[in-house]
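Colleague: what follows is a predicted structure for the sequence shown.
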Amino acid sequence: MLTLRTWMQELRLRLLHLFFDTRYLAHRVGDLPEQIHERRIYLVGESEAPWLIAFQCPCGCGSLIQLNTLKEAKPRWTYEYHRFEHISLDPSVWRKVGCKSHFWIRKGKVVWC
């Protein structure tokens, strides 16, 4: 059952998608949802310290990309939160298998190598 807070977050994300449909939007979740939406980056874990970043590959292959954010892990990604729920990831994402995409996410936009 959806809580009012969850419903409001979903409504806000949908409205932001209307205005920024080419950007990825950050969405904080406690657990990774079963259905992963396009152009949505999930920050999984506690809101202050997510342990995982997950999203669909932007090339269109449909693969789920999961990036570790734990400080003791290697490799490790960090993120910077911007206005309108856009985030930047560091370092770049370079898939070694599958589609072999290489890209950055800067303020919600995909920057291809």
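Modeller: Received it, and whenever you're ready, just let me know what you need.
Colleague: partner residues bridging the residue nearest the centre of the chain?
Modeller: Nearest to the geometric centre of the chain sits residue 41, at 1.6 Å (C-alpha atoms, centre = their mean). Judged by DSSP bridges, the bridge partners of residue 41 are residue 26.
Colleague: what residue ranges in this protein score low on pLDDT?
Modeller: Applying pLDDT under 70 to the chain flags residues 1-2, 13-22.
Colleague: let's see 90
Modeller: Low-confidence segments of the chain, defined by pLDDT under 90: 1-24, 38-39, 46-49, 59-60, 62, 73, 81-86, 113.
Colleague: ok, back up a step: list the contacts of the residue nearest to the centre of the chain.
Modeller: Neighbouring residues of residue 41 by C-beta atoms under 8 Å, 6 or more residues apart in numbering: 24, 25, 26, 27, 53, 54, 55, 87, 89, 105. For the C-beta atoms, the positions are set from N, CA and C on the backbone; glycine is no exception.
Colleague: same check on residue 32?
Modeller: 42, 44, 52, 54.
Colleague: swap in 7 Å and give it another go.
Modeller: Counting by C-beta atoms under 7 Å, 6 or more residues apart in numbering, residue 32 makes contact with 42, 44, 54.
Colleague: which one of these is nearest residue 80?
Modeller: residue 42 (16.3 Å; C-beta to C-beta).
Colleague: how much space between the closest one and residue 29?
Modeller: Between residue 42 and residue 29 the distance is 5 Å, computed by C-beta to C-beta, to the nearest Å.
Colleague: out of those two, which sits in the busier spot?
Modeller: residue 42 (21 against 17; other C-beta atoms under 10 Å).
Colleague: quick check: closest non-adjacent residue to that one.
Modeller: residue 54 (4.6 Å; C-beta to C-beta, 6 or more residues apart in numbering).
Colleague: so how far is the helix or strand harbouring that neighbour off the chain centroid?
Modeller: Assessed by DSSP states H and E, residue 54 sits inside strand 50-56. With C-alpha atoms, centre = their mean, to the nearest Å as the basis, strand 50-56 stands 6 Å off its chain's centre.
Colleague: pull up the pairing partners for that strand, direction included.
Modeller: Counting by DSSP bridges, strand 50-56 is paired with strand 40-45 (antiparallel), strand 64-68 (antiparallel).
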